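J.: Compute the structure for the input listed below.
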Amino acid sequence: MLRSLFAVGARPPAAARPLRLNLGCGMRKREGYLNVDKVTACAPDVVLDIERVPWPWPDSSVEEVLLIHVLEHIGRDAQTYFGVIKELWRVCRHGARIHIAVPHPRHDDFLGDPTHVRAIIPEGIALLDQRLNRRWLEEGAANTPLGLYLGVDFEIEALHYDFDEPWRGQLERKEIGEDEAMEARSRYNNVVKQIRMTLRVEKR
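T.: The predicted model follows:
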């Protein structure tokens with residue numbers, strides 16, 4: 001009798017294992033990830049402009065994606081951005097995690113870089129959550145149900161604001177509370193330096 005290729009304890013071939021993508025890696029290449037960038041000078045594992053779809057990976061073949069200071073650089077027009085979002089959902093499997101870091105759109109880090117073409121905030125990402133979309137439709141809310149329109153479904157699983165100084169130091173020294181810091185975030189520029197989010201891909 002032939003032994004099964006995938007005997008107990010054996011690992012499937014590397015090609016069969018879900019991928020981990022570091023998209024728009026630049027010079028920040030990560031071990032254990034397929035490092036992808038359109039700039040050949042970065043010496044990525046794969047040279048690819050992610051604004052050009054389809055991507056070369058099969059449906060539901062990816063278990064984790066890094067998008068570290070990438071999304072603010074893509075999708076000058078909405079349809080290009082939507083194409084990237086739909087392709088991201090297509091290649092990810094159910095339960096895959098997508099880790100995003102972007103500059104806060106009201107910080108000078110965002111405003112001062114001419115290659116930044118799109119503001120990314122949690123409220124915009126939440127439009128891609130079909131559970132919220134359905135609730136808004138039931139409530140008659142005006143929020144655009146992009147998840148239903150585009151056929152994608154992403155849930156924000158974790159959200160963190162990285163405060164800039166002097167707010168960060170004041171928070172650490174407990175001179176102000178989180179509520180005060182969040183109120184300042186909504187009122188002033190240069191309060192939050194970076195937004196970090198983890199999305200969970202839903203494919204029911």
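J.: Assess the claim that I121 and I195 are in contact.
T.: Yes - with contacts defined as CB atoms under 8 Å, I121 counts as touching I195 at a distance of 6.8 Å. Every residue, glycine included, has its C-beta placed from N, CA and C.
J.: what do those two both touch?
T.: Listed contacts common to I121 and I195 are H104; contacts here mean CB atoms under 8 Å, 6 or more residues apart in numbering.
J.: Please say which of those two ends up with more neighbours.
T.: The residue with more neighbours, out of I121 and I195, is I195; 21 against 13, by other CB atoms under 10 Å.
J.: Does the more buried one touch G124 like I think?
T.: No - I195 sits out of contact with G124 when judged by CB under 8 Å, with a separation of 10.7 Å.
J.: Could you pull up the residues touching the nearest residue in space to Y81 that is not next to it in sequence?
T.: Distances taken as CB to CB, 6 or more residues apart in numbering put G75 closest to Y81, at 2.6 Å, once the chain neighbours are dropped. G75 makes contact with E51, Y81, F82, V84, V117, R118 under the criterion CB under 8 Å, 6+ apart.
J.: Now restrict those residues to buried residues only.
T.: Y81, F82, V84, R118 (16 or more other CB atoms under 10 Å).
J.: In which helix or strand does the third one reside?
T.: Read that as V84. Element membership for V84, per DSSP states H and E: helix 78-91.
J.: Tell me the helix or strand right after that helix.
T.: Past helix 78-91, the next helix or strand by DSSP H and E is strand 92-103.
J.: show me where the protein has strands.
T.: 19-23, 34-37, 46-47, 62-68, 92-103, 154-163, 192-201 (DSSP state E).
J.: Contacts for the second one next, please.
T.: With contact meaning CB under 8 Å, 6+ apart, strand 34-37 is reached by 19-26, 29, 44-48, 50.
J.: in its sheet, what does it sit against?
T.: strand 19-23 (parallel), strand 46-47 (parallel) (DSSP bridges).
J.: Most tightly packed of the ones you listed?
T.: By mean neighbour count, with neighbours taken as mean count of other CB atoms under 10 Å, strand 19-23 ranks first of these at a mean of 23.
J.: Put the alpha carbons of that one into PDB.
T.: Extracted C-alpha coordinates of strand 19-23, given in PDB (Å, rounded to 0.1, in the frame of the first residue of the first chain):
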ATOM      1  CA  LEU A  19       0.800  32.700   1.600                       C
ATOM      2  CA  ARG A  20       1.800  35.600   3.800                       C
ATOM      3  CA  LEU A  21       2.200  38.800   1.700                       C
ATOM      4  CA  ASN A  22       4.100  42.000   2.500                       C
ATOM      5  CA  LEU A  23       2.600  44.300  -0.100                       C
END
